[in-house]
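**Q** What follows is a predicted protein model with its sequence.
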Amino acid sequence: MAPDVLNAGVGGRLTGSPRRAGALLAGLLIAVAALALTVLASLAVGNRAIDPATVLGALFSYDDDHPLHVTVMELRLPRTLLGVVVGAALAVCGGLIQAFTRNPLADPGILGVNAGASFAVTFAVGVLGLTAPGAYVPFALGGALVLTVLVYALGSFGPSGATPMKLTLAGVALGAAVSGLTTAIVLRDTDTLQVMRFWGVGSIGGRTIDQLAWAAPLIALGLTLGLMCARSLNVLALGDDVAQSLGARVRVTGVLVVIAVTLLAGTAVAAAGPIAFVGLMIPHVVRWFTGPDQRWVLTMSMIVGPTFLLLADVVGRIALPNGELRVGIVTALLGAPVLVVLVRRKRVSGL
């Protein structure tokens, strides 16, 4: 693995051979096509099925007097677009954390981001009495940011600075402490318990275009920063000392990764609640095809993540005869067995 990672990280070729490059490009096109089909399914499937022709008509020749057009544009389109940006955010965030900590079983919660966001939302609901999702969104993002900064500061103590191991330990410790405070607030009030019971599962349903309007720019910025770190993360896979000797700016990369993780995971949790397994599983699935080059891992994760999240959301809509399963439940049900199979494969699990 080391020669490939080194080649990918120090201005080398994109892949090892033209045949390999062609296979990766073909895989990218297939992933894009799968995402497009999943988006169409998300717009068509629901309590009332809508045929693809009507969906396309709503998108390209909208008629506000047509009830199915209104359903597509006002109810399903915001939900679908939010699923795209949240899925991309969680998947890329997971890839960044796994590469930076060199821990193949890391996920967006390992740096305490999810715990910080959940605590802030619980505080807003249980202490300040806020119940509308739009009202506690800033709290979720702020809580994620504050706890991530604390984790990075705690993990930076000592002459060695912010190492992946110290950041992981700091994130686990602070996340556990904050989760305990969150539970204490929830258990003291039944109204808070009722609100958090639904938010804590994770869902992209019932969201509006206004929520997408503030979430999309933040996630776009996080994705940009994450992709900018890909080449440096390839070199960091060889170890900090080797990376520094090759000219990689280890501390700068660490700061950028932390900022990207905060923006991606914090915004995703604020918009949709904590959704499990997307950030943990998708990078494993992608590495099975792309190999260790983080430029390909992050790029493919940005496409495969939304596909998986939207597919889980569609399954949740039709799984029950009445009502629907929230997407956070479906991702756990679908993701757990797939992840068990994947982590048993040495090539997939290794970084």
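**A** Received the coordinates, thanks.

**Q** gap between the helix or strand where L212 lies and the chain center?
**A** Under the assignment given by DSSP states H and E, the secondary-structure element containing L212 is helix 209-228. Taking Cα atoms, centre = their mean, to the nearest Å, one finds the center of helix 209-228 at 11 Å from the center of the full chain.

**Q** Check the average confidence over that helix, would you?
**A** Average pLDDT, helix 209-228: 91.

**Q** And stretch 285-303, by the same measure?
**A** The average of the pLDDT scores along stretch 285-303 is 93.

**Q** can you check stretch 340-349 too?
**A** Confidence over stretch 340-349 (mean pLDDT, whole number) is 62.

**Q** same question, stretch 172-183
**A** 90.

**Q** Of all the residues in it, which ones are buried?
**A** When burial is assessed from 16 or more other Cβ atoms under 10 Å, stretch 172-183 yields the following buried residues: V172, L174, G175, V178, S179, T182. No exception for glycine: its C-beta is placed from N, CA and C like everyone else's.

**Q** which pair in these spans the largest distance?
**A** Across the buried residues of stretch 172-183, the two members that end up farthest from each other (Cβ to Cβ) are V172 and T182, 15.4 Å apart.

**Q** still on that earlier bit, against which helices or strands is the helix holding L212 packed?
**A** In terms of contact count using 3 or more Cβ pairs under 8 Å, 6 or more residues apart in numbering; DSSP states H and E, helix 209-228 is assigned the packing partners helix 77-101, helix 133-155, helix 250-272, helix 294-318.

**Q** With secondary structure and distance to G46 as added columns, please give the buried residues of stretch 172-183 in JSON lines.
**A** Shown next, in JSON lines, are the buried residues of stretch 172-183 (DSSP: H, G, I helix; E, B strand; the rest coil; distance: Cβ to Cβ, whole Å):
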{"residue": "V172", "secondary structure": "helix", "distance to G46": "39"}
{"residue": "L174", "secondary structure": "helix", "distance to G46": "40"}
{"residue": "G175", "secondary structure": "helix", "distance to G46": "36"}
{"residue": "V178", "secondary structure": "helix", "distance to G46": "36"}
{"residue": "S179", "secondary structure": "helix", "distance to G46": "34"}
{"residue": "T182", "secondary structure": "helix", "distance to G46": "33"}
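
**Q** any chance of these in TSV, with distance to L263 too?
**A** Compiled in TSV, the buried residues of stretch 172-183 are given as follows (distance: Cβ to Cβ, whole Å):
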residue	distance to L263
V172	21
L174	19
G175	18
V178	19
S179	22
T182	22
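
**Q** What is the neighbour count of I204?
**A** Counted with other Cβ atoms under 10 Å, the neighbours of I204 add up to 30.

**Q** can you check L81 too?
**A** For L81, the number of neighbouring residues by other Cβ under 10 Å comes to 19.

**Q** Same question for S156.
**A** 17.

**Q** just A336 next, same as before
**A** Quick note: A336 (other Cβ under 10 Å) scores 13 neighbours.

**Q** Helix, strand, or coil at it?
**A** helix (DSSP: H, G, I helix; E, B strand; the rest coil).

**Q** what does L105 give?
**A** Assignment for L105 (three-state DSSP): coil.

**Q** Look up phi and psi at it.
**A** The phi and psi values for L105, taken as degrees, to the nearest 10, are phi -110, psi 20.

**Q** Now do it against V338, distance only.
**A** Distance of L105 to V338, computed by Cβ to Cβ, to the nearest Å: 14 Å.
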